[in-house]
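Enquirer: Next input, structure requested:
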Amino acid sequence: MGTFSLQKTTGIYVGAKEVYAAQLKWSLFGPQLVKFARAEIQTATPADDSAQKQAIVQALRRLVRENNISTKKVMIAFSGQDVLIRYFQMPRIPRSEWETAIKFEAKKYIPFKIEELMWDFHVVLPKAKAAKMDVTFLAVKTEVAKRNLALFEQAGVKPAIIEPAPFSLLRLFAAGKQLAKDKPTAIVDVDYGIADINIVKGRSCYLTRDVSLPTQEENIYENLLNEIRMSMDYYEKLFPTQVIGKILLCGEADTKDWDKSLAQDLKIPVEKADLASAVKIKRTLPPLSLAVAVGLGLRGLVKGVAEVNLGQVREVKTKLTVGREISGISPLLRGAVIRAGILSFIGLLALYLVMSQAIGQENKRLQEVILQRPKINLPVESFSYASLEELKNELSNKVAFLNSIIDQRIYWTDKFSEIPKIILPGVWFTELNIKEDAGQAAPLRSLLIRGVAYHEDPVQEIGIVTKFVSALKESKTFSRGFSEIKLDSMASGDFKGLPVKNFVISCSVK
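Expert: Residues are numbered from 1 along each chain as shown. So this is what the prediction gives:
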């Protein structure tokens with residue numbers, strides 16, 4: 001939730017050909033646009049990467065200097081092509097565990113190592129006490145972020161907040177009450193050959209695509225129409241019960257009649273961004289290309305939209321928290337300590353049970369050795385431990401059936417810890433069951449894995465299951481002790497309205 005601010009807020013956004021700035025403040029009538037400006041990125045065509053960066057720095061300097069824009073509390077946005085946005089669901093967990101759990105879960109949905117990213121997340125808790133919560137994970141590669149931030153630093157601008165441009169647009173349209181009610185909305189931002197297509201609902205971003213458009217004027221609309229239609233079809237395939245309720249346009253669409261053409265071709269309502277419905281404007285109405293900058297400036301002035309910050313340094317924050325709260329442990333650290341204590345207790349209890357069983361077997365073996373010792377006249381007290389060990393070795397053929405079973409046991413903790421490293425994207429477990437049949441001559445232990453596999457292409461689901469079985473066999477930690485790991489069955493089925501492959505895998509050992 002946002003918090004109202006009496007200070008001026010400034011949003012700066014770097015587009016494809018221009019840089020934009022919008023400065024806002026809170027008034028009695030709501031958020032008010034104090035000033036806005038833009039500056040052209042002047043580069044030769046075609047420009048090399050170094051020349052392009054220098055041109056952006058120069059444009060930022062002109063923007064700030066010529067418009068007397070304060071560089072205090074500046075917020076910037078990274079374009080959709082630089083930011084990775086993923087939506088997924090997780091079991092509902094306490095707030096203190098969100099960061100650790102989401103960081104672990106997000107690894108399944110991103111193609112990069114999380115250590116290489118600057119990231120944040122937004123959680124939407126369902127109404128009532130539902131078992132799942134909605135998570136939007138946002139990230140930018142650290143090297144990309146540093147490269148972009150270096151341009152602002154050279155221009156004398158030090159950003160306090162970094163957020164994805166789709167979230168800035170979401171805030172703008174939410175403030176202007178332009179989002180479709182109780183239905184998903186497609187937000188389309190066109191910026192000189194690039195289009196960001198974002199599908200949002202409930203003021204959260206569910207799908208983001210950035211696509212390239214041709215430079216020929218006559219071909220732009222047809223390509224844009226196809227990309228929007230493809231994005232809508234893909235979203236409605238992921239969420240079959242939801243239908244896009246409205247399309248909102250901004251950016252280059254300011255001077256085009258695309259809203260009318262798209263409404264006719266797609267048969268759904270289409271609107272251009274209405275900046276005046278989101279903020280109070282005293283003078284000239286700004287062009288729609290400033291939509292992202294205005295949405296940035298609204299941060300802290302309106303409520304109800306997620307406020308994420310890709311610029312926070314999580315490792316440093318953790319160290320400072322530990323130092324500052326040395327006498328009072330933070331909730332996150334306290335939760336981690338409690339979990340570590342519970343795991344340690346369970347581990348010690350398991351070790352105690354194993355050692356007790358081993359000691360019991362050794363005591364039993366010792367008693368049998370004592371019962372079978374030669375009948376001699378010497379008192380028992382005269383026997384040393386070494387003598388008893390010698391007698392035990394001589395009679396070992398009579399007590400072979402008491403060989404320790406400790407080395408034959410399977411330690412499930414190691415195997416369960418290995419499964420998250422092996423599991424493939426698109427695979428979910430529905431049951432993990434350990435069985436032990438003590439009626440056999442030797443105890444028969446087995447692990448039964450039931451689950452489902454999903455892929456957009458059903459043919460790929462078979463490959464996902466077989467690859468997962470192969471991964472289980474190839475893992476030395478998991479396969480150690482199992483005499484057989486096999487796929488018992490695989491059949492088509494339905495899981496929460498999605499076509500999936502149900503599978504059963506058994507791992508057994510005697």
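Enquirer: Point out where the stretch 301-450 of the chain drops to low pLDDT.
Expert: Confidence mapping of the stretch 301-450 of the chain against pLDDT under 70 gives the ranges 313-337, 369, 372-385, 396-410, 436-444.
Enquirer: For it, which segments count as strands?
Expert: According to DSSP state E, counting those that start in this stretch, the stretch 301-450 of the chain carries its strands in the segments 427-437, 444-453.
Enquirer: so of the ones you listed, which one's packed in deepest?
Expert: Most buried of the strands of the stretch 301-450 of the chain, by mean neighbour count (mean count of other CB atoms under 10 Å): strand 444-453, with a mean of 19. Backbone N, C-alpha and C define where each C-beta goes, glycine included.
Enquirer: quick revisit: let's have the strands of the stretch 301-450 of the chain in CSV, adding distance to residue 269.
Expert: Rendered in CSV, the data for those read as follows (distance: least, CB to CB, whole Å):
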stretch, distance to residue 269
strand 427-437, 37
strand 444-453, 37
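Enquirer: Out of these, which is closest to residue 390?
Expert: Using CB to CB as the criterion, the shortest distance between residue 390 and the strands of the stretch 301-450 of the chain is 36.0 Å, found for strand 444-453.
Enquirer: List the pairing partners of the closest one within its sheet, with orientation.
Expert: Strand 444-453 has its sheet partners listed here by DSSP bridges as strand 427-437 (antiparallel), strand 498-509 (antiparallel).
Enquirer: And residue 302, how close does it get to residue 247?
Expert: 22 Å (CB to CB, to the nearest Å).
Enquirer: if you count what's nearby, which of these two comes out ahead?
Expert: Under the neighbour definition other CB atoms under 10 Å, residue 302 and residue 247 were set side by side, and residue 247 has more, 24 against 21.
Enquirer: contacts for the helix or strand hosting that one?
Expert: Using DSSP states H and E, residue 247 falls within strand 246-251. Contacting residues not belonging to strand 246-251 are listed as 169, 173, 178-180, 183, 185-191, 228, 258-259, 262-263, 266, 268-273, 288-289, 291-292 [CB atoms under 8 Å, 6 or more residues apart in numbering].
Enquirer: and the residues you listed, which are buried?
Expert: Buried members of the contacts of strand 246-251, counted by 16 or more other CB atoms under 10 Å: 169, 173, 178-180, 185-191, 228, 258-259, 262, 266, 268, 270-273, 288-289, 291-292.
Enquirer: just to revisit the earlier point, would you turn the strands paired with strand 444-453 into TSV with distance to residue 241?
Expert: Written out in TSV, the entries for these read as follows (distance: least, CB to CB, whole Å):
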stretch	distance to residue 241
strand 427-437	20
strand 498-509	12
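Enquirer: Which stretch among these approaches residue 104 most closely?
Expert: Put simply, out of those the one that sits nearest residue 104 is strand 427-437, at 15.4 Å, with distance taken as CB to CB.
Enquirer: if I pick the residue nearest to residue 201 when sequence neighbours are not counted, what's in contact with it?
Expert: With CB to CB, 6 or more residues apart in numbering as the criterion, residue 201 has its nearest non-adjacent residue at 4.3 Å, and that residue is residue 184. Each residue near residue 184 by CB under 8 Å, 6+ apart is listed here: 199, 200, 201, 206, 235, 239, 242, 243, 244, 245.
Enquirer: Now do the contacts for the residue most central in space within the chain.
Expert: For the chain, the residue sitting closest to the mean C-alpha position, by CA atoms, centre = their mean, is residue 106 at 2.8 Å. By CB under 8 Å, 6+ apart, the contact list for residue 106 reads 86, 88, 114, 119, 121, 137, 139.
Enquirer: circling back to that earlier point, looking at the contacts of strand 246-251, which are in strands?
Expert: With strands taken from DSSP state E, the overlap with the contacts of strand 246-251 comprises 185, 186, 187, 188, 189, 190, 270, 271, 272.
Enquirer: I figured the last one was touching residue 259, is that so?
Expert: I take that to be residue 272. Yes - under the criterion of CB atoms under 8 Å, residue 272 makes contact with residue 259 at 5.4 Å.
Enquirer: Tell me the residues that contact both of these two, please.
Expert: Taking CB under 8 Å, 6+ apart as the contact criterion, the common neighbours of residue 272 and residue 259 are 249, 253.
Enquirer: With distance to residue 146 and pLDDT as new columns, can the ones in strands among the contacts of strand 246-251 be given to me in CSV?
Expert: Written out in CSV, the entries for those read as follows (distance: CB to CB, whole Å; pLDDT from 0 to 100):
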residue, distance to residue 146, pLDDT
185, 33, 96
186, 32, 96
187, 28, 96
188, 29, 95
189, 24, 94
190, 28, 92
270, 38, 95
271, 37, 95
272, 35, 94
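Enquirer: tell me the two of the residues you listed that are most distant?
Expert: Greatest spacing in those, by CB to CB: 185 and 190 (16.3 Å).
Enquirer: Without its sequence neighbours, what residue ends up closest to residue 27?
Expert: Setting aside the residues directly before and after it, residue 27 is nearest to residue 280 in space (CB to CB, 6+ apart), at 6.4 Å.
Enquirer: quick one: that neighbour from residue 176, how far?
Expert: From residue 280 to residue 176 the distance is 12 Å (CB to CB).
Enquirer: Looking at those two, which is more packed in?
Expert: residue 176 (21 against 14).
Enquirer: check contacts around that one.
Expert: When the contact criterion is CB under 8 Å, 6+ apart, the partners of residue 176 are 273, 274, 275, 277, 278.
Enquirer: what does residue 462 give?
Expert: Listed by CB under 8 Å, 6+ apart, the contact set of residue 462 reads 490, 501.
Enquirer: tell me which element it falls in.
Expert: Taking DSSP H and E as the criterion, the element that holds residue 462 is helix 458-474.
Enquirer: and the angle for that helix with strand 444-453?
Expert: 150 degrees (axes from the mean of the first three to the mean of the last three CA atoms, to 10 degrees).
Enquirer: Done for today, thanks.
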